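Colleague: The sequence and its predicted three-dimensional model are supplied below.
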Amino acid sequence: MSRRARIVVVLPALAGLAALLAWSFTGLPGFGSFRGPYGILLNRVATPERHMTNVVNATTYDYRSFDTMGEEFILFAAVIGIVLLLREDDRDRRAEDRVRSEMVRSGGGLTVGIGVLVGLWVVAFGFVTPGGGFQGGVAVASAVLLLFAAVGYRAWSTLGNETVLDPIEGLGAGGYVAVGLAALASGLPFLTNVLGPGIAGTLWSGGSAAFVNWSAGIEVAAAMLLLYAEFLEAHAVPVMRGAS
Amino acid sequence: MSFLPYAVAGWICLVGLYGVVTSRNLVHLAVCLTVTQSSTYVLLLAVGYVRGGGPPIFKGVKLGTSAVDPVVQALSLTDIVVSVTVLALILALALDVSRHAGTVDPAEIAGMHG
Amino acid sequence: MIGTLVPLQSVGFALVALGAPAIVLTRDLLRLVIVNGFYGLVLVVLFVVYGAPDVALSMLVVSTVAYPLVLLVAISRVRSHGRET
């Protein structure tokens, strides 16, 4: 179908969708007058009950941890799909590529360590301040990616290859399920918070939801690094061989 | 005035869909799909907003202060991280198409054979 | 707090409503990467103004590193495939 025909067909369809959206939006309560019972209840109940001051992460990793397990497995499956799609036969991991400026290499190398520490801090304090496994995992992966940008492909590929990252990703995804099964083994429903709640506002809070948080963080970091590794191999290796 | 955020979310969704349908390039199509996805985040957070409420974090803040809805935030934040992976998967598919067909224009890609 | 938030929110909504057509109407791929980065940052501002720091943090880490990397690698490979054939 040519582009002109597509435009002619889509505009009435979009107008119809716009009418439906307008009709449904006028049925919503106005902006700012949130009526829903669960949000208000959770804000009042989460900190006294589970001793977690970050109610959003309490929802993600404790009250609704089953949904987060599903999201993690979307990540897992999508990364498998990417690894399969970008697989080419002529790959040579021993290609040579180094950043030439000494200052960028040494400064960037130091910043990688600092960045990984900051990312781990964001994961660890997920139940106290904004942060948590998902955000901190992506931050750790971005810090390790700096190895490629500031130091070179060789240094990056010591960390960003499948033999290192696959077990870590499996550990994260499997660890999440294992924490849930541990609750099941002691007679409670799947993924119940089994350890004691701890002291609110400190690292020692959240009970077994803290293990769930760390599993999610490890899995997200490893999945993002695998994604970056596949894309960088598809790009960097042909460039270094002078193909493009 | 109080329906403006919902209208903005609807506008972004429609603009993104228009971009997907009339795109000349598969990479541009993937980015327009993420624009449509971002409209859902804007809509969810708009539904959960409480006028005069702060963030739902209670460290150093007295319990009982009015705060916005945490449930929609929990939905949005995991979805944002997952959307990167889905975008990467779509781009990997586009790369595959470009390798076999030599072009990324959706109009020029020949139909399937076999 | 109510008095200062409302103008910020209007600005945030206006920027987001302008950013979405900007992405759709950009045809050049490299320019698309930059406009996408800008749209991501505008969304971060909007999420902060909404009182959602976790969502803002998530969008920030994702749209500054992951989106540009994935898009740039895809663009570079698409160009080289186009040159080979």
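Modeller: Nice, I can see it.

Colleague: quick one: contacts of the helix or strand containing residue C:13?
Modeller: Using DSSP states H and E, residue C:13 sits in helix C:2-25. For helix C:2-25, contacts defined as Cβ atoms under 8 Å, 6 or more residues apart in numbering or on different chains pick out B:4-5, B:8, B:11-12, B:15-16, B:18-19, B:31-32, B:35, B:38-39, B:42, B:51-52, C:32, C:35-36, C:38-39, C:42-43, C:45-46, C:49-50. Glycine gets a C-beta too; all of them are placed from N, C-alpha and C.

Colleague: In it, which residues have enough neighbours to count as buried?
Modeller: Under the neighbour-count criterion of 16 or more other Cβ atoms under 10 Å in any protein chain shown, helix C:2-25 has C:5, C:9, C:12-13, C:15-17, C:19-24 buried.

Colleague: Stretch C:72-83 now?
Modeller: Buried, per 16+ other Cβ under 10 Å, within stretch C:72-83: C:73-78, C:80-81.

Colleague: Quick one: distance of the helix or strand harbouring residue A:213 to the chain centre.
Modeller: For residue A:213, the element it lies in under DSSP H and E is helix A:209-240. What separates the centre of helix A:209-240 from the centre of its chain is 9 Å, taken as Cα atoms, centre = their mean, to the nearest Å.

Colleague: Report the contact partners of residue 31.
Modeller: Since you didn't name a chain, this refers to chain A. Contacts of residue A:31 (Cβ under 8 Å, 6+ apart): B:2-6, B:46, B:49, B:51.

Colleague: near chain C, which of the residues you listed show up?
Modeller: B:4-5, B:46, B:49, B:51 (Cβ under 8 Å from any Cβ of the partner chain).

Colleague: sorry, back to before: can you turn the buried part of the contacts of helix C:2-25 into a ChimeraX selection?
Modeller: A single ChimeraX command suffices to select whichever of the contacts of helix C:2-25 are buried according to 16+ other Cβ under 10 Å:
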select /B:5,8,11,12,15,16,18,19,31,32,35,38,39,42,51 /C:32,35,36,39,42,43,45,46,49,50
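
Colleague: and the contacts of helix C:2-25, which of them are in strands?
Modeller: Taking DSSP state E, every one of these sits outside strands.

Colleague: how about the residues of chain C near chain B?
Modeller: C:1-2, C:13, C:16-17, C:20-21, C:23-24, C:26-27, C:29, C:32, C:36, C:39, C:43, C:46-47, C:50-55, C:57-59, C:62, C:66-67, C:70-71, C:74-75, C:77-78, C:81-82, C:84-85.

Colleague: can we see that at 6 Å?
Modeller: With Cβ under 6 Å from any Cβ of the partner chain as the criterion, chain C meets chain B at residues C:2, C:13, C:17, C:20-21, C:23-24, C:29, C:32, C:36, C:50-55, C:58-59, C:62, C:66, C:70, C:74, C:77-78, C:81, C:85.

Colleague: Mind checking which of the residues you listed land in helices?
Modeller: C:2, C:13, C:17, C:20-21, C:23-24, C:29, C:32, C:36, C:53-55, C:58-59, C:70, C:74, C:77-78, C:81 (DSSP state H).

Colleague: Show me what from chain A comes close to chain B.
Modeller: A:6-7, A:10, A:14, A:18, A:21, A:25, A:30-32, A:34, A:38-39, A:42-43, A:47, A:53-56, A:59-60, A:68, A:71, A:74-75, A:78, A:81-82, A:85-86, A:128, A:134, A:138, A:201, A:227.

Colleague: Could you tell me which of those count as buried?
Modeller: A:10, A:14, A:21, A:25, A:31-32, A:34, A:39, A:42-43, A:47, A:53-56, A:59-60, A:68, A:71, A:74-75, A:78, A:81-82, A:85-86, A:128, A:134, A:138, A:201, A:227.

Colleague: any idea which helix or strand carries residue A:45?
Modeller: Applying DSSP H and E, one finds residue A:45 within helix A:37-50.

Colleague: name the helices or strands packed onto that helix?
Modeller: Applying 3 or more Cβ pairs under 6 Å, 6 or more residues apart in numbering or on different chains; DSSP states H and E, we find helix A:37-50 packed against helix A:55-58, helix B:70-101.

Colleague: neighbours of residue B:23, just the number please.
Modeller: For residue B:23, the count of nearby residues is 23 (other Cβ atoms under 10 Å in any protein chain shown).

Colleague: quick one: contacts for it?
Modeller: For residue B:23, the contact set (Cβ atoms under 6 Å, 6 or more residues apart in numbering or on different chains) comprises residue B:29.

Colleague: Regarding it, what is its secondary structure?
Modeller: coil (DSSP: H, G, I helix; E, B strand; the rest coil).

Colleague: What average pLDDT does the helix or strand containing residue A:5 get?
Modeller: For residue A:5, the host element (DSSP H and E) is helix A:3-25. Average pLDDT, helix A:3-25: 90.

Colleague: and if you look at stretch A:168-183?
Modeller: For stretch A:168-183, mean pLDDT rounds to 87.

Colleague: How about stretch A:198-218?
Modeller: The model assigns stretch A:198-218 a mean pLDDT of 81.
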